[in-house]
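Q: 3D, please:
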Amino acid sequence: MTSSPAIEWPPPSRFGQTRRMSETQTPASPAVTLTIAGSEATGGAGAQADLKTFQELGVYGVVALTCIVSFDPKNEWQHRFVPVDQQVIADQLEAIQSCYPLRTVKLGMLGTPATIDTVAAALQSQEWDNVVLDPVLICKGQEPGAALDTDQALKANILPLATFVTPNHFEAESLSGITIESLEDLEEAARIIHRQSGAVVLAKGGVRIEGPDAVDVYFDGETLEVLSSPKVGEVAVSGAGCTLAAAIAAELAKGAAPLDAARTAKEFVTEGIRNRVASNAPFDAVWQGSARS
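A: Got it, this is the predicted structure:
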């Protein structure tokens, strides 16, 4: 009679080495990771993308929905934005935080100053190891004044709570206050955002920085590293930013160091873009399951 081989936990990943278990994990349970984000009806972005990313990377995903976003195919696929009632958001977070010993949260679309206040209160009600902020500053379904109020509230009340921030090109310009036209500008923006927030920064140049590669800049106050991969087309893909931030959160929840989490997330999202899902909309979507297949 032969003995069964030992089970390695967490299992080796296509994206990086086996991670150490957190204090709240057992060999039979994955790390629980929360996303606070909006629902995007086509499944390409938002909470749907976050949960698919969590599943692919071996963590148990939980979501509190902040808003419902759907595209309008009769109006050039513009956003239709409906916020979730504040009490409903608070109720979701109360149930989630009471149920699980959470240490990692990923923040996506919050959408209104009231939602930001509700989420900030929930975050401050406990200690976190990792607060990964994808700073979604503008939703096209909002009026300009409402969008500006939301941006200002996010910068004032959520950014100081973040431990890791993943701004895209537009968001990096907004947060840093500088124009980003080159890799050197992106590096400077990452430094400025770190000084403002104290958080680790992964500033995403994506397809908007000229050159053959999609470049992102990692900066944690000491280490600056450019993460680069060949561009896959010249058009942004729906869900890429959500997926990147969710992948970082998943890796951090499993115990990865921040730079390792960023590297793994970059590889994961690049693979998802390379094998993206086409649709009748004027944009494609990341496929989180592409590496597994």
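Q: Gln92: neighbouring residues, count only.
A: Neighbourhood size, Gln92 [other Cβ atoms under 10 Å]: 19. (Glycine included, C-beta is placed from N, CA and C.)
Q: do Glu222 as well
A: By other Cβ under 10 Å, the residues close to Glu222 number 6.
Q: Check the spacing between it and Gly44 real quick.
A: Note on Glu222: its distance to Gly44, by Cβ to Cβ, to the nearest Å, is 35 Å.
Q: helix or strand for the residue positioned nearest the centre of the chain, which one?
A: Geometric centre of the chain, nearest residue: Ala245, 2.3 Å, by Cα atoms, centre = their mean. With elements taken from DSSP states H and E, the one containing Ala245 is helix 240-253.
Q: Next SSE downstream of that helix?
A: Where DSSP H and E defines the elements, the next helix or strand beyond helix 240-253 is helix 258-274.
Q: All the strands of the stretch 151-293 of the chain, in order from the start?
A: Using DSSP state E, counting those that start in this stretch, the strands of the stretch 151-293 of the chain run over residues 164-165, 200-206, 213-219, 224-230.
Q: what's the closest of these to Gln97?
A: In terms of Cβ to Cβ, the element of these nearest to Gln97 is strand 164-165, at 19.9 Å.
Q: Contacts for that closest one next, please.
A: Under the contact criterion Cβ atoms under 8 Å, 6 or more residues apart in numbering, strand 164-165 has outside partners 130-133, 135, 159, 175, 193, 197, 199-202, 248-249, 252, 258, 261.
Q: where does the stretch 151-293 of the chain dip in pLDDT?
A: Low-confidence segments of the stretch 151-293 of the chain (pLDDT under 70): 293.
Q: quick one, what contacts the residue nearest to the residue nearest to the centre of the chain when sequence neighbours are not counted?
A: Distance criterion Cβ to Cβ, 6 or more residues apart in numbering; nearest residue to Ala245, sequence neighbours excluded, is Asp134 at 3.8 Å. For Asp134, the contact set (Cβ under 8 Å, 6+ apart) comprises 106-108, 166, 241-242, 244-245.
Q: same thing but 10 Å
A: Applying Cβ atoms under 10 Å, 6 or more residues apart in numbering, we find Asp134 in contact with 35, 37, 50, 106-109, 162, 164-168, 171, 204, 241-246, 248-249.
Q: How about Ala189?
A: With Cβ under 10 Å, 6+ apart, Ala189 has these contacts: 167, 169, 171-180, 201, 203, 205, 217, 219.
Q: any idea of the pLDDT on the residue nearest to Ala245?
A: Per-residue pLDDT puts Asp134 at 97.
Q: Roughly how far does it sit from Ala253?
A: Applying Cβ to Cβ, the value for Asp134 to Ala253 is 15 Å.
Q: How about Lys106?
A: On the measure of Cβ to Cβ, Lys106 and Ala253 end up 9 Å apart.
Q: Spell out which residues are contacts of both of the two.
A: With contacts taken as Cβ under 10 Å, 6+ apart, Lys106 and Ala253 have 33-34, 54, 61, 130, 132 as neighbours in common.
Q: Show only the entries of these found in helices.
A: If you go by DSSP state H, these have Phe54 in helices.
Q: list the contacts for Arg252?
A: Quick fix: residue 252 reads Leu, not Arg. By Cβ under 10 Å, 6+ apart, the residues touching Leu252 are 19, 22, 31, 33, 59, 103-104, 106, 129-132, 163-164, 200, 258, 260-262, 265.
Q: Actually, Glu210.
A: So Glu210 contacts 181-183 (Cβ under 10 Å, 6+ apart).
Q: ditto for Lys106
A: Here Lys106 is in contact with 33-37, 47, 50, 53-54, 61, 63, 130-134, 164, 166, 242, 245-250, 252-253 (criterion: Cβ under 10 Å, 6+ apart).
Q: burial count for the nearest residue in space to it that is not next to it in sequence?
A: Leaving aside its sequence neighbours, Lys106 sits nearest to Ala249 (Cβ to Cβ, 6+ apart; 3.9 Å). Ala249 has 33 neighbours, counted by other Cβ under 10 Å.
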